[in-house]
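In: The sequence isn't on hand, but the structure is:
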Ligand SMILES: O=C(O)[C@H](CS(=O)(=O)O)OP(=O)(O)O
Ligand SMILES: [Mg+2]
């Protein structure tokens, strides 16, 4: 299938189907947030917008990447998030790459946000919709982040059907610059398990869809239908 792989700066027009990839760490964190009970994630374009949204909605939480900061309830780390109880909460998320990429394609009719922890379900969801060629938004390093490119290529291969070996794709992600920076303590808001948690293939059974709800871009988990064996 003739998928497109583009960085955020290369986006032009409105794709038909977009899958926004951020392995380290925004969309690994988003999946963990849903697993910890978050009902929906509102994607914010700036930290001040994230705080304003939180402050104007009772019970909402805010998360940003980088170091912990006043007003924010969490940072962009799966290792730090996994013990939180966010049952029923709305979480506003702002990060450097992932949320920026999703907002850049917010007008696309079908937008999924993905990472390795939801890769298989993401591919199956697209198969179930007979989605056709996908625009993969590779959010890291201006479109060159190998952890994001590897995940995008893996999802694309899975969409084609058959058994796809995840190991070579995960190896690329494990040896990426982002993984080295995380493991080397160069990124703030970090837990030592973050790289491993970002490489847990299909840790969660859902895909994540971003939609416009009133004036907000909202990410929610979506169930993945069973795929009939003939198109697996
Ligand atoms: O928190 C992350 O891993 C990054 C920010 S940085 O590259 O560490 O500064 O954000 P993301 O949008 O999840 O790539
Ligand atoms: Mg990233």
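Out: Good, I have the coordinates. These numbers come from a predicted model, not from an experiment. Numbering: from 1, shown residues only. Ligands and ions are numbered 1, 2, ... in the order given.
In: where do the helices sit along this structure?
Out: 26-35, 47-55, 78-81, 98-104, 119-128, 146-159, 167-174, 177-183, 194-198 (DSSP state H).
In: which residues are contacting the shortest one?
Out: Spelled out, that is helix 78-81. Residues outside helix 78-81 that contact it (Cβ atoms under 8 Å, 6 or more residues apart in numbering) are 25, 28-29, 32-33, 36, 74, 189-194, 197-198. Heads up, the C-betas are built off the backbone N, CA and C, glycines and all.
In: Show me which of those residues are buried.
Out: By neighbour count, with 16 or more other Cβ atoms under 10 Å, the contacts of helix 78-81 hold 25, 28-29, 32-33, 36, 74, 189-191, 194, 197-198 as buried.
In: ok, of the residues you listed, which one's closest to ligand 2?
Out: Each of those was checked against ligand 2 using Cβ to the ion; the closest is residue 25, at 6.1 Å.
In: Tell me which residues touch that closest one, please.
Out: 65, 76, 77, 78, 95, 98, 182, 194, 198.
In: Next, name the residue at the spatial heart of this protein.
Out: residue 27 (2.3 Å; Cα atoms, centre = their mean).
In: what pLDDT does the residue nearest to that residue when sequence neighbours are not counted get?
Out: Leaving aside its sequence neighbours, residue 27 sits nearest to residue 115 (Cβ to Cβ, 6 or more residues apart in numbering; 4.1 Å). pLDDT, residue 115: 98.
In: right, and residue 115 touches residue 20 too?
Out: No. Contact criterion Cβ atoms under 8 Å: residue 115 and residue 20 do not qualify, at 9.8 Å.
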